[in-house]
Every structure is written in C-alpha cells, then in structure tokens.
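*Asks:* Return atomic coordinates for the entry below.
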Amino acid sequence: MFIPGSQRRHADHPIDTFFLDRWSPRAMSGEEVAESELMVLFEAARWAPSSYNNQPWRILYARRGTAHWPLFLDLLVEGNKAWATNAAALLLFVSKTTLDFNGQPYPTHSYDTGAAWENLALQGWLKGYVVHGMQGFDYARAKAALDIPDDYRVEAMAAVGKPGALDVLPENLRQGESPSDRRELAGTICEGPFRL
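*Replies:* Coordinates of the predicted model:
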C-alpha cells in the first residue's frame, strides 16, 4: 500500500515530500508516450552537473512499435522483460570514460551519468510517468548490438511509460509493487573515515 511521503518523513530531517513520494513502479499501461514528451525527460538529463561540464552521458532509446524496440526489449533478462514489455520506451545509458578536452581517463563518468539518470527519473515522475531503472540486461550484447565505442561504458537501462493497473504485472511482482523504505540515515553516512 502506498504511504505518501508526508507520512514517511523523518521528523528530525524534513525534506520535500517529492523525494519521499517518488518511487519506481513496474506496472505500465502499454500506451505510447509522444516523442516530444520523451524529449522533455532527455532535456532534464542534459542539464545534470558533471566534472568539467564534460557531460559524459549518452542515452540510446527505442520507442514501442518502432524498428529498434525488439532489440532493446530482447536485451533484458526474462524477469524484466515480463513487465517492461508494457513500457512506452526503453532507454540505455552509457558514459564516456575519457574527458573530451584532453582524452585522459574520466574517473567520475559513471557518477556524472548517474546525475543525468536522476534528473530524467525525477522529471518523468513530475510528468506522471513510470520511470524504472534496470541492471538486469545483457551488457556485452548491448555494447555490440548497439555499436557502442570502446571508450564508452554501458551503465544501465530504464523503462518509461504511463502508469498501468496492477493486474498487468506477473503475479510474482504484484505484491512488491509499492514504495520501499530506506535504511536509516546513520547507516549511509560517516563523518570522517569509513565505518560500518
């Protein structure tokens, strides 16, 4: 059952309910999302911060019903394919591992691409879409089949779509289709050296 963020907020550290209410459902309707609407999500990603403003992320995508859709869908593991088949678009995030201005290794390329992913996910949530990130796909096949150059790293995939009814999901996924909690703040931060 969905618990609005205002009820899940930690009183000692109040944050905007937007962060608490956002989550990653899997139930999607199978309806199309206009390409112009996808561009809004991509534009939000474009404005993410990055080291030296290098913007290492690239986002490859396939919209439902297009020639590229079967390839993107087939990259997914069966568990993700079972629900992502109802997405309006599948996205693949990759990041350039070298800096544009000097060709040197770019230590924060994944970190910076994660910022772009977060911008996209938050913009999608604001627009009322389901945006669900995934690691369950064939990374090597994605790199080869989508002609990704050697100096780019395959990072993750995401599914975007309009919200759907719970009964579109396989039975084994329905029960878990609700926002998850987070570990306590003290379990994620350390002042000074690392400690568990």
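*Asks:* which residues are in contact with the longest helix along the chain?
*Replies:* Across the chain, the longest stretch assigned as helix under DSSP state H is helix 109-126. Applying CB atoms under 8 Å, 6 or more residues apart in numbering, the external contacts of helix 109-126 come out as 18, 22, 24, 40-51, 54-57, 59, 91, 93-97, 130-131, 133, 153, 155-156, 158, 160. For glycine as for every other residue, the C-beta is placed from the backbone atoms N, C-alpha and C.
*Asks:* Show me what the helix or strand hosting residue 70 is packed against.
*Replies:* Taking DSSP states H and E as the criterion, residue 70 maps to helix 69-75. Helix 69-75 sits against strand 57-63, helix 78-84, strand 89-96, helix 139-145, with contacts defined as 3 or more CB pairs under 8 Å, 6 or more residues apart in numbering; DSSP states H and E.
*Asks:* Show the average pLDDT along the third one.
*Replies:* Computed over strand 89-96, the mean pLDDT rounds to 98.
*Asks:* got a list of contacts for it?
*Replies:* 33, 38, 54, 56-64, 69, 72-73, 75-76, 84, 106, 109-110, 112-113, 116-117, 120, 142, 146, 148, 151-161.
*Asks:* Least confident secondary structure element in the protein?
*Replies:* Of all helical and strand segments in the chain, the minimum by mean pLDDT, DSSP states H and E falls on helix 5-8, at a mean of 51.
*Asks:* helices and strands around the helix or strand following that helix, which ones?
*Replies:* The helix or strand immediately downstream of helix 5-8 is helix 17-21, counting by DSSP H and E. Here helix 17-21 touches helix 5-8, helix 109-126, going by 3+ CB pairs under 8 Å, 6+ apart.
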